[in-house]
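K.L.:
Here is a sequence together with a model predicted from it:
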Amino acid sequence: FHNVMIDEFQDTSRLQWNNFKVLLIENQATGGNDLLVGDIKQSIYRWRNGDWAILKNVKKELANLSPQDEELRYNFRSKKNIIDFNNAFFPKAAQVLDDLEPDARFKIKDIYSDVEQLTRHTKEEGYASVTLYTKSGNSAPEDYEECMITDMINNIRNLMKEGLTTQDFAILVRKKDNAESLLQWFHQLAPEIKLVSDEAFLLESSVAVQMLVAALFVLNDNKHLNPVPERYLMMHYYNDVLRQPKQVLEIATVKADDLLPEAFTQHKQELAQLPLYLLCERLYQLFQLDKIQGQDTYIFTFMDELQNHLRSNPSDIHTFLNAWDESIHNHSIPASEVDGIRILTIHKSKGLQFHTVLLPYMDWAIEKDRNDDTIWCQAKKEPFDALGTLPINAGKNMQQSDFAPDYNEEHLQRRVDALNMIYV
């Protein structure tokens, strides 16, 4: 290769860089071109060993190659008011975080020294709003979560009255637990507004696809060792296809022959002999899966995945079910095919674009140590230095120990993580 580009360079790990660097130096020596693209402010993968300091120091590290540094100052994506908000907010936010530890090893405001962007937009378009909720002593008020979500629902309803659709919104959260809470609150307070999480796009979230897979499991289980797939088929065949809900107890005690189609229960051997793709088409017809609304895209995607699998694997049920359990169940349908407001973690939203973005649960505990937090520390005093790197339970008591520098460094990095998350 004569031209090498590494994008999202701020998320490079030390191990990756040690490998890349040799290749880049070799490429330069033979007259090639290297391009590193990154932004320290967008480094949010420290938990995956991303190290933004590599980007910060790369000019010094490769000084003998005389690298050129070009800063992209113009923002072509965002509207003017959004850019103005960011230009005002982030320098001040960086200073507030720096004030928490004035003697820190580096200043966060230095990382954000280039945060102010330019725009060619002249119209006062775009909108940014921050809502603050008054504390109750040192804690959030008891009704904080309900108030926050009610305000968000009202904003969504007003914007939808103005013509926006669910496809125009995204709700971003830091933790999956927040996404689950949102689904419950919206179901209770605004059932007419449909939310969809990342899991809604997975093949395994489809009832129709799961019925197909359950039928394959039944056909593959000649000795009837696992009754669960058959009971799953019975439950959803009656509940979702025939629309004749059955109680779990009834499903558990009744024979499959009494509830499932005769064309399935009495012809299992014949069905199992069919080519796999033809078998799935036949099962789709037998169980009348077309009667379950909103499943077409999942079925089409499932059949595409099945076809991909068959290109390099034998056409037998057992091999496919292993592939399903290992990876295919986790494959996604196109995002545009699911109607509803998407809930995404900030990490998964990176690079996407929406008309309106909502960020609830922004009360992140930056300085608080969890019980399961571990900091890997290097003892420097004898005789403990002979022990090498040690896992130490994080806590303020570390500040009164030889590991105080490690503790302070970890909290400094957490502040950078938090501000970068907001920036992204």
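P.N.:
Perfect, thanks for sending it. None of these values were measured; they are calculated from a predicted model.
K.L.:
Please count neighbours and contacts with C-alpha atoms only from this point.
P.N.:
Fine.
K.L.:
tell me the contacts of the closest residue to E8 other than its chain neighbours?
P.N.:
Excluding the flanking residues, the one nearest E8 by CA to CA, 6 or more residues apart in numbering is G38, at 4.8 Å. Contact partners of G38, counting by CA atoms under 8 Å, 6 or more residues apart in numbering, are 7-10, 55.
K.L.:
and those residues, which are buried?
P.N.:
Among those, those buried by neighbour count (16 or more other CA atoms under 10 Å) are 9-10, 55.
K.L.:
want to throw those into TSV with pLDDT and secondary structure?
P.N.:
Shown next, in TSV, are the buried ones among the contacts of G38 (pLDDT from 0 to 100; DSSP: H, G, I helix; E, B strand; the rest coil):
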residue	pLDDT	secondary structure
F9	96	helix
Q10	96	helix
L55	96	helix
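K.L.:
in terms of contact, does D98 touch K109 like I think?
P.N.:
Yes: counting by CA atoms under 8 Å, D98 does reach K109; the two are 7.3 Å apart.
K.L.:
show me the contacts for the residue lying closest to G31 once chain neighbours are set aside.
P.N.:
Leaving aside its chain neighbours, G31 sits nearest to H2 (7.5 Å; criterion: CA to CA, 6+ apart). Neighbour list for H2: 27, 31-33 [criterion: CA under 8 Å, 6+ apart].
K.L.:
List phi and psi for H2.
P.N.:
H2 adopts backbone torsions of phi -100, psi -20, taken as degrees, to the nearest 10.
K.L.:
Could you report the pLDDT at it?
P.N.:
For H2, the model assigns a pLDDT of 87.
K.L.:
separation between it and Q28?
P.N.:
Distance, H2 to Q28, using CA to CA, to the nearest Å: 9 Å.
K.L.:
repeat for T301
P.N.:
44 Å.
K.L.:
for Y232, same thing?
P.N.:
60 Å.
K.L.:
lowest confidence element among the helices and strands of this protein?
P.N.:
Least confident helix or strand of the chain, by mean pLDDT, DSSP states H and E, is helix 248-253 with a mean of 81.
K.L.:
That helix - contacts with which helices or strands?
P.N.:
helix 228-236 (3 or more CA pairs under 8 Å, 6 or more residues apart in numbering; DSSP states H and E).
K.L.:
Just give me how far the helix it packs on sits from the chain centre.
P.N.:
Helix 228-236 has its C-alpha centroid displaced from the chain centroid by 31 Å (CA atoms, centre = their mean, to the nearest Å).
K.L.:
How much space separates the spatially most central residue of the chain from K175?
P.N.:
Centre of the chain computed as the mean C-alpha position; nearest residue by CA atoms, centre = their mean is K348, 3.6 Å away. Per CA to CA, K348 is found 11 Å from K175.
K.L.:
Okay, and V58 sits in which element?
P.N.:
Assigning secondary structure by DSSP states H and E places V58 in helix 52-61.
K.L.:
What residues sit buried inside the helix or strand following that helix?
P.N.:
Next helix or strand after helix 52-61 toward the C-terminus (DSSP H and E): helix 80-99. Neighbour-count burial for helix 80-99, with 16+ other CA under 10 Å as criterion, is recorded at 80-81, 83-84, 87, 90-91, 94-95, 97-98.
K.L.:
packing partners for helix 80-99?
P.N.:
Packed next to helix 80-99, using 3+ CA pairs under 8 Å, 6+ apart, are helix 108-111, helix 404-423.
K.L.:
avg pLDDT for the shortest one?
P.N.:
The one in question is helix 108-111. Rounded mean pLDDT across helix 108-111 is 96.
K.L.:
got the buried residues for that helix?
P.N.:
For helix 108-111, by 16+ other CA under 10 Å, it's 108-109, 111.
K.L.:
Which positions within stretch 383-394 qualify as buried?
P.N.:
Going by neighbour count (16+ other CA under 10 Å), the buried part of stretch 383-394 is 392-394.
K.L.:
do the same with stretch 400-416
P.N.:
Here stretch 400-416 shows 403, 406-408, 410-412, 414-416 as buried, counting by 16+ other CA under 10 Å.
K.L.:
Check which element follows the least confident helix or strand of the chain along the chain.
P.N.:
Where DSSP H and E defines the elements, the next helix or strand beyond helix 248-253 is helix 256-259.
K.L.:
Report the buried residues of that next one.
P.N.:
256, 259.
K.L.:
by contact count, what packs against that helix?
P.N.:
helix 228-236.
K.L.:
Which residues does the helix it packs on contact?
P.N.:
With CA under 8 Å, 6+ apart as the test, helix 228-236 has contacts from 207, 211, 214-215, 217-218, 245-246, 248, 251-252, 256, 259-260.
K.L.:
Let me have these in TSV, extended by distance to F169.
P.N.:
Output for the contacts of helix 228-236, formatted as TSV (distance: CA to CA, whole Å):
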residue	distance to F169
V207	26
M211	31
A214	35
A215	37
F217	39
V218	41
P245	35
K246	37
V248	38
I251	40
A252	42
A256	44
L259	42
L260	41
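K.L.:
Farthest pair within those?
P.N.:
Distance extremes for the contacts of helix 228-236: the farthest pair is F217 and P245 at 23.2 Å, using CA to CA.
K.L.:
If you tally nearby residues, what's the number for I317?
P.N.:
When neighbours are defined as other CA atoms under 10 Å, I317 has 19 of them.
K.L.:
Next: I292.
P.N.:
Number of residues near I292 (other CA under 10 Å) recorded here: 17.
K.L.:
Would you check how far apart it and E204 are?
P.N.:
I292 sits 15 Å away from E204, taking CA to CA as the criterion.
K.L.:
Please apply the same query to P245.
P.N.:
In terms of CA to CA, P245 sits 22 Å off from E204.
K.L.:
Compare these two (neighbour count), which wins?
P.N.:
The neighbour comparison of P245 against E204 (other CA under 10 Å) goes to E204, with 21 against 13.
K.L.:
ok, that one touching V213?
P.N.:
No: using CA under 8 Å, E204 is not in contact with V213, being 9.4 Å away.
K.L.:
those helices in the stretch 301-424 of the chain, which residues are they?
P.N.:
317-326, 346-349, 404-423 (DSSP state H, counting those that start in this stretch).
K.L.:
which residues touch the longest one?
P.N.:
With CA under 8 Å, 6+ apart as the test, helix 404-423 has contacts from 41-44, 46, 90, 93-94, 97, 104-105, 108, 346, 364, 366-367, 375, 377, 394, 398-399.
K.L.:
Pull out the buried residues from those residues.
P.N.:
Judged by 16+ other CA under 10 Å, buried ones among these: 41-44, 46, 90, 94, 97, 108, 346, 366, 375, 377, 394, 398.
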